[in-house]
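J.: have a look at this prediction, sequence included:
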Amino acid sequence: MTKKTKTKDPKLDALRARSCLNPRPETVTDPVFTGSDFFDARDSLQVKYEMLRRVQVDGQPISKSASAFGVSRPTFYQARAAFEQGGLPALLPKKPGPRRSHKLKTEVVQFIELLLDEDPSLRPVELGKRVSERFHIEIHPRSIERALVRQKKKRL
């Protein structure tokens, strides 16, 4: 595991900690961001909000605004829809998806192992079909492979 180091810039650390660090601040070419200490192109929330404001309040064309703020037009439309639905908090990045197997509970893995004990030639696709029939959940074959590797490691 890599250790994250603190920088000498507390704002940069805060943006990174809240997943609001713009991965490409150099693509933001809007004049307000290039000539101001207040506006920070590293702050993705600030960039998105100002991009939306520029179109809504200043009447700037969407394509020009998206380009000046370093995003694609589809990204602009996604940001606008999110903002219209949930306001400023909706522009914050969503939490990333599950990091652990959330469908492969102990009983499901035990069922898979039982199937494999009965017939070791079963492939993950077939195992997935049988899990679906029994538990009414869809599991990707690769998830089954990973779960079996984890189980094997636990036994060692």
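T.: Looks like it came in fine.

J.: spatially central residue in the protein, please.
T.: Geometric centre of the chain, nearest residue: P96, 4.1 Å, by CA atoms, centre = their mean.

J.: A strand includes that residue, no?
T.: No: per DSSP: H, G, I helix; E, B strand; the rest coil, P96 lies outside any strand segment and is coil.

J.: wait, what's in contact with it?
T.: By CB atoms under 8 Å, 6 or more residues apart in numbering, no residues touch P96. Just so you know, the C-beta spots here come from the backbone N, C-alpha and C atoms, and that holds for glycine as well.

J.: ok, it to T75 distance?
T.: 18 Å (CB to CB, to the nearest Å).

J.: now the farthest one out in the chain, which residue is it?
T.: Residue farthest from the centre of the chain, counting by CA atoms, centre = their mean, is E118 at 39.1 Å.

J.: pLDDT score for that one?
T.: If you check E118, the pLDDT there is 94.

J.: please apply the same query to D37.
T.: Note for D37: predicted pLDDT of 85.

J.: from L91, how far off is E84?
T.: 11 Å.

J.: who has more neighbours, these two?
T.: Neighbour tally, E84 and L91, criterion other CB atoms under 10 Å: the higher count belongs to L91, 21 against 11.

J.: check which helix or strand the nearest residue to the more buried one once chain neighbours are set aside maps to.
T.: Using CB to CB, 6 or more residues apart in numbering and skipping the chain neighbours, the partner closest in space to L91 is K48 (4.9 Å). K48 belongs to helix 44-56 when assigned by DSSP states H and E.

J.: any idea how far that helix is from the chain center?
T.: Relative to its chain's centre, helix 44-56 lies at 20 Å (CA atoms, centre = their mean, to the nearest Å).

J.: with just CA atoms, put the helix or strand bottoming out on mean pLDDT in the chain into CSV.
T.: Ranked by mean pLDDT, DSSP states H and E, the helix or strand of the chain with the weakest confidence is helix 141-155, at a mean of 85. Provided in CSV are the C-alpha atoms of helix 141-155 (Å, rounded to 0.1, in the frame of the first residue of the first chain):
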residue,chain,number,x,y,z
PRO,A,141,-18.0,-14.7,-14.0
ARG,A,142,-14.9,-12.7,-13.2
SER,A,143,-16.3,-11.9,-9.8
ILE,A,144,-16.8,-15.6,-9.2
GLU,A,145,-13.2,-16.2,-10.2
ARG,A,146,-11.9,-13.5,-7.8
ALA,A,147,-14.0,-14.8,-5.0
LEU,A,148,-12.6,-18.3,-5.5
VAL,A,149,-9.0,-17.0,-5.5
ARG,A,150,-9.8,-15.1,-2.2
GLN,A,151,-11.2,-18.2,-0.6
LYS,A,152,-8.1,-20.2,-1.7
LYS,A,153,-5.8,-17.5,-0.1
LYS,A,154,-7.8,-17.7,3.1
ARG,A,155,-7.2,-21.4,3.4
